[in-house]
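A.B. asks: quick one: sequence and predicted model below, then my questions.
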Amino acid sequence: MKLKHPFIRLPFRFDVEQLRKELANFDQSVWMPHPNGLKGNSAMPLISKDGEDNDHFHGSMKVTPHLQRCEYIQQVIASFGEVFGRSRLMKLESGCEVSAHTDTNYHWHSRVRIHIPITTFPEVIFHCGDSAVNMQAGECWLFDSWQQHQVVNGSEHTRVHLVIDTSGSSRFWQMVDSAEVPGLKKGPKDSLLSYQKGKSVSIATERFNNTPVMSPGDLDGLVEGLLLDFAANKSNPQAAADAYAQVLFDLSKDWRSQFYLHGYQDSGAQAYAGLLEHYAARIQSLPDTVFTASNAIPVKDIIFFKIFSAAVAPAVRDEFMSMNQQARKKPVTAASKQQPVSRNQPCPCGSGKKYKRCHGAAA
């Protein structure tokens, strides 16, 4: 998610000793290698699709058996009072790094990643844009994943962070606005979340984080934000920028037209696929000379990662349609079971008049 600053430190402190005790309960066998094969990078899922060991961004998110074994980590996550998506413990071995990259896919458009260092050292440096920090153990940090970022573990030890993803409620973002920005402003005094043995907590997790077909409003929002971003880059060739703008405008209009016709029905599968194929060809034919102003990423790449990758998700259709149909069923209420009112009975509206002289007369 694009933030106002590269790094923001939230006003929380956590019990490092207890976090490390729970971390010590797991051996190496439960850690999953990085999906892109990055050397020295591994993770243990705490909230994941169906509560299983996987790297999926979308789907019904549930607490994993690993998190169920961690009483205090559950308390830490629950203390934010937010709805959480994919969350995990992330390990970075000595001398290794999270290579420089930018998070441009759809998942990160509306989510921020909270970092809580558990085991770390002064030589572990987190880079984001032109800034760099050493996140200390027990602190709580956010960073702007829309900027290029990188983590380098220059220490002789393994670094482990608790990393939790959320879109955040209005209360969360009000807190972020008042939080500390390194080198710019101080935030409120930190509050310590102490470990409470035996305390049971409830963690809200994402259930519907993707739809079978991206809504026209969602697509319009992505397009409008992207248009503003690359229009602000005055070094872009005007003709090429105009060509991208025209393609995105056409895509948004055609997508809305087909959505109004098909919605989430099976009849739209071929229509949506045809649209994506047509516009993918148009976009591929454009020059790779247009970049965003915010992070200098090629607009062509962002279109495919942020829009096309999430435009259709047939795997979630059955569950989504099932829930939609249940919600549309008219509930049987006490009022619907009432017997017809006779003409001489009091009117059910409470007027005090007989039914025949009140709503009965109107009927």
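C.D. replies: Nice, thanks for sending it over.
A.B. asks: backbone dihedrals for the closest residue to Ser79 other than its chain neighbours, please?
C.D. replies: Closest residue to Ser79 apart from its sequence neighbours, by C-beta to C-beta, 6 or more residues apart in numbering: Leu193 at 5.2 Å. All C-beta spots, glycine's among them, are computed from the backbone N, C-alpha and C. Leu193 has phi and psi values of phi -100, psi 110 when expressed as degrees, to the nearest 10.
A.B. asks: quick check: beta-bridge partners of Leu193?
C.D. replies: Phe14 (DSSP bridges).
A.B. asks: ok, the residue nearest to Tyr260 when sequence neighbours are not counted to Phe259 distance?
C.D. replies: Once its chain neighbours are removed from consideration, Tyr260 has its nearest residue in Pro216; the separation is 7.7 Å (C-beta to C-beta, 6+ apart). With the distance defined as C-beta to C-beta, to the nearest Å, Pro216 ends up 5 Å from Phe259.
A.B. asks: which secondary element of the protein has the worst mean pLDDT?
C.D. replies: Scoring the helices and strands of the chain by mean pLDDT, DSSP states H and E places helix 334-337 at the bottom, with a mean of 35.
A.B. asks: picking up where we left off before, can you count the residues close to the residue nearest to Ser79?
C.D. replies: When counting by other C-beta atoms under 10 Å, one arrives at 18 neighbours for Leu193.
A.B. asks: contact partners for it?
C.D. replies: 12-15, 75-76, 79 (C-beta atoms under 8 Å, 6 or more residues apart in numbering).
A.B. asks: among Pro216 and Phe259, which residue is more densely surrounded?
C.D. replies: Here Pro216 and Phe259 are set side by side on neighbour count (other C-beta under 10 Å), and the busier one is Phe259, at 19 against 16.
A.B. asks: show the pLDDT at that one.
C.D. replies: Phe259 carries a pLDDT value of 96.
A.B. asks: secondary structure element for it, which one?
C.D. replies: helix 238-262 (DSSP states H and E).
A.B. asks: now Ser87
C.D. replies: Per DSSP H and E, Ser87 falls inside strand 83-92.
A.B. asks: how far away from the center of its chain is that strand?
C.D. replies: Chain-centre distance of strand 83-92: 12 Å, with C-alpha atoms, centre = their mean, to the nearest Å.
A.B. asks: next one: the closest residue in space to Pro65 that isn't next to it in sequence from Ala311, what distance?
C.D. replies: Computed as C-beta to C-beta, 6+ apart, the closest residue to Pro65 that is not its neighbour in sequence is Gly51, at 7.3 Å. Gly51 is 27 Å from Ala311, where distance means C-beta to C-beta.
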